[in-house]
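*Asks:* From the sequence below, what's the structure:
(one chain, ligands or ions: 1)
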Amino acid sequence: MVGSLCKTYKEYFPIGAAVNSFSINTHKELIVNHFSGITPENQMKPQFVHPAEHLYDFEQGDIIADFAEENNLLLRGHTLIWHNQTPDWFFKDGGGPVSRSLALKRMKEHIYTVMGHYRGRTYAWDVVNEAVADNAEAPVLRQAPWLAAIGEDYVEYAFRYAREADPAAKLYYNDYNECDPVKSRKIYDLVKSLIDHGIPVDGIGMQGHWNIYAPEPDKIRRAVELYASLGVSLQITELDISMFRFDDRTAYEKVPDKLLELQAERYEEIFKLLREYRDLFAGVTLWGIADDDTWLSDFPVKGRRNWPLLFDDEHKPKKAFDSIVVF
Ligand SMILES: Oc1ccccc1CN[C@@H]1C=C[C@@H](O)[C@H](O)[C@H]1O
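*Replies:* Just a heads-up that it's a prediction; the model follows:
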C-alpha cells in the first residue's frame, strides 16, 4: 500500500483534487485515500447551475457536495464570476445589452443563490476567476462581459455580495499565468486595490497550470512572496504539470519515460518550495485525479494526449507521486 498523499501532507496543507459527478465514482478509491478536499471542475460554474435567468440546477453540484460530506472532504466552490462558461442571458436585456443596474442585480442574485445553496458545505469560493488581462500592454482588467456590463468595479461588487451571502466562506481571487512577472504585478495591484477599499478578499488562488519546462522555481517564489505581502492566504487551486508548453503541437501515443522523469523532477521541486512556504498556503489542489481524465488531453491542442497528474491511466502512482511523498 503506497503512502497516502494527504496524510503525508497533513502537517503542511490540505491536498485537494478537481472532480465531477462521474469521477467521484470512477476514481473514488484514489480520492478517499489520497485527498482531503475536492473542487467541482465544472459543475458549480454558472453554465451548469444557472442556465437561464429563472432556472437553477444544483443536481450535479449536490452530488459532489453530498460526496464531500459523506467522505469528510473539504469542498471548494468554483467559480461564481468568470468570462467563460457563463450563459449569455446574464448580459442581455430584451434585444440589447443589459444595463449596469440589471447586471448588478443578476450578479447579486446569482451569488446569493449559489453560495446560499452551498452555505455551510463550501469552506471557500473562487469568487472571481481570471479578471486580469494577460497581455503586458493591456490595462489591469481583461475585456470581459461582466466588465462591459458593470464597469471596473464589478470585481468589488462580486466580493461584497459573496461576503454577504456566506460570511463564513473564505473568498478567493483565482487566476492563471500567475507567476508571470508582468501579470503577477497586475494581480497584486488588483487585490491590493480591493483590500485598500475595504473589500473582503481572503486569498489569492494561484491556479498552477504549469508544465515540465516552466515556470522555474524562482519565478514561483517571487510570485508567492509578492502575493503573501498582501497578508492574504494563498492556495494552489488547479495544479497540473503538462508534458508540453501550452500550444506545442508535439504529440505522443504513449508518454515517453524521459518526460515522466522530467515531470517527477518538476513536481519534486514545486512541492519542496510549497513545503518551505507551508505557513502561507491554505491548500494545494490538483486539477484532476489521474491521467485518464484531464482537461489537458485535447486542450489547447485537439488530439494531443497529456499526462499532467500524479496517477496514471490505470490509477497507479507515477514517479511524480513518489517524488512528493518521500522527502
Ligand atoms: O490555463 C488556462 C489557459 C487558457 C485559458 C484558461 C486557463 C485556465 N483556466 C482554468 C482551466 C480549466 C477550467 O476548468 C478552470 O475552471 C479554469 O479556471
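
*Asks:* Any figure for the gap between the residue in the stretch 51-200 of the chain that the ligand sits nearest to and Gln207?
*Replies:* Taking CB to the nearest ligand atom, the ligand has its nearest neighbour within the stretch 51-200 of the chain at Tyr176, 4.2 Å off. All C-beta spots, glycine's among them, are computed from the backbone N, C-alpha and C. Here the criterion is CB to CB, to the nearest Å. By it, Tyr176 lies 4 Å from Gln207.

*Asks:* what touches both of these two?
*Replies:* When contacts are counted by CB atoms under 8 Å, 6 or more residues apart in numbering, the set common to Tyr176 and Gln207 consists of Glu238.

*Asks:* what's the longest helix in the protein?
*Replies:* helix 257-276 (DSSP state H).

*Asks:* so where do the helices sit in the stretch 151-300 of the chain?
*Replies:* Ranges of helices in the stretch 151-300 of the chain, per DSSP state H, counting those that start in this stretch, are 154-165, 181-196, 217-228, 257-276.

*Asks:* Just want the angle from the last one to helix 217-228.
*Replies:* This points to helix 257-276. Interaxial angle, helix 257-276 versus helix 217-228 (axes from the mean of the first three to the mean of the last three CA atoms, to 10 degrees): 30 degrees.

*Asks:* and helix 257-276, what does it pack onto?
*Replies:* Here helix 257-276 touches strand 209-211, helix 217-228, strand 233-242, helix 319-325, going by 3 or more CB pairs under 8 Å, 6 or more residues apart in numbering; DSSP states H and E.

*Asks:* most tightly surrounded among the ones you listed?
*Replies:* With neighbours taken as mean count of other CB atoms under 10 Å, the helices and strands packed on helix 257-276 reach their highest mean count in strand 233-242, at a mean of 25.

*Asks:* Kindly export it (C-alpha atoms) in CSV.
*Replies:* Extracted as CSV, the C-alpha positions of strand 233-242 are listed here (Å, rounded to 0.1, in the frame of the first residue of the first chain):
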residue,chain,number,x,y,z
SER,A,233,-3.9,33.3,2.3
LEU,A,234,-2.6,31.5,-0.8
GLN,A,235,-3.8,28.4,-2.5
ILE,A,236,-2.6,26.5,-5.5
THR,A,237,-6.0,25.8,-6.9
GLU,A,238,-5.6,23.9,-10.2
LEU,A,239,-2.2,22.3,-10.2
ASP,A,240,-1.2,20.1,-13.2
ILE,A,241,2.2,19.8,-14.8
SER,A,242,1.7,19.5,-18.6
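
*Asks:* just how off-centre is it within its chain?
*Replies:* Relative to the centre of its chain, strand 233-242 is centred 7 Å away, using CA atoms, centre = their mean, to the nearest Å.
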